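Q: I would like the atomic coordinates for the input below:
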Amino acid sequence: FFDSIFFKTTFKFRPLLRAEEQITDGKIDLELSLFGVKVFTVKDDVCKEATCPVAIGDFNLKTSQPLPSLGVSATIGVKAVITDQNSKEVGCFQLELKVEKAQTMFEKTKNALGFGRKGLFGR
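A: Residues are numbered from 1 along each chain as shown. The predicted model follows:
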């Protein structure tokens, strides 16, 4: 229930990474920031998002993470660091996501019925 209220959007990413050695374990550290302030962190298992062991060479990491609902439109900074079983960095990236304010059920219903529009229910 908690997740359905606060986590309404999912951020999906598939970075192309290169394994210099076989990966049997590892972690994904994902950090979200708003106005430069860290607001949310996620730690995930590489082998949950890729088939381990990962052979030497290029591979795609397929993962998705829920984003918190902010109640406002904003740009969220995303920073991810992927490491292997020896804590050696396999890849990293940094980007910005523009998140639009989610409408509440009341706002959706009000807009669908036309409340507040001139000529229908408005004056």
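Q: where does the chain have its least confident helix or strand?
A: helix 2-6 (a mean of 41; mean pLDDT, DSSP states H and E).
Q: end to end, how far does stretch 31-42 reach?
A: 7 Å (CA to CA, to the nearest Å).
Q: so which bits of it are buried?
A: Using 16 or more other CB atoms under 10 Å as the test for burial, stretch 31-42 gives E31, L32, S33, L34, F40. For glycine as for every other residue, the C-beta is placed from the backbone atoms N, C-alpha and C.
Q: restricted to helices, list those residues.
A: Members of those lying in helices (criterion: DSSP state H): none.
Q: which two from these end up farthest apart in space?
A: Considering CB to CB, no two members of the buried residues of stretch 31-42 lie farther apart than E31 and L34, which are separated by 11.2 Å.
Q: need the overlap of contacts for the two.
A: Contact criterion CB atoms under 8 Å, 6 or more residues apart in numbering; residues shared by E31 and L34: none found.
Q: returning to that earlier point: closest one of the buried residues of stretch 31-42 to C92?
A: E31 (10.9 Å).
Q: and the closest residue to that closest one other than its chain neighbours, bridged to which residues?
A: Sequence neighbours aside, K79 is the residue nearest to E31 in space, at 4.6 Å (criterion: CB to CB, 6 or more residues apart in numbering). As for beta bridges, K79 partners with E31, Q94 under DSSP bridges.
Q: kind regards, and thank you for your time.
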